[in-house]
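Participant: The sequence and its predicted three-dimensional model are supplied below.
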Amino acid sequence: MEIVAQSLDDILSTLRPLTVEWQDDVSRRVIAQIEALPVKDSYTVADVRKLLDTRFDDGLLICRLFLGQSKDQFTSQLSAALKEGTGCCSGCKVVLA
């Protein structure tokens, strides 16, 4: 393998913008669901239940986004809250598995 010495300016001069589509089907669907949420002063358990009942995985993602948590953080805290995987429904059991 040949070693080529390059300066930072050489590397920077060859960089070009990379056009990518960052949104996939899930992100477009979740963004649409968030935009469709009614604006309220506060939300209830019934509102969260409706999110989860509509499309469970999307509902969990929306909850995580509102809480500002990574999937790992959220799953860990949800597991602890549900006594390590006992779950409140089959969807929770699947997520925590």
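Facilitator: Sure, I can see it. Residues are numbered from 1 along each chain as shown.
Participant: quick one: the closest residue to residue 48 other than its chain neighbours from residue 11, how far?
Facilitator: Residue nearest to residue 48 in three dimensions, not counting chain neighbours: residue 63, with 6.8 Å by C-beta to C-beta, 6 or more residues apart in numbering. Quick note: C-beta positions are derived from backbone N, CA and C, even for glycine. Noted for residue 63: a distance of 42 Å to residue 11, by C-beta to C-beta, to the nearest Å.
Participant: Looking at these two, which is more packed in?
Facilitator: Between residue 63 and residue 11, counted using other C-beta atoms under 10 Å, the more crowded position is residue 63 (15 against 9).
Participant: As a check, name the ranges of all helices in this structure.
Facilitator: Along the chain, counting by DSSP state H, helices occupy 8-14, 25-36, 45-54, 56-67, 71-81, 90-96.
Participant: Can you flag the weakest of the ones you listed by average pLDDT?
Facilitator: Lowest mean pLDDT within these: helix 90-96, a mean of 52.
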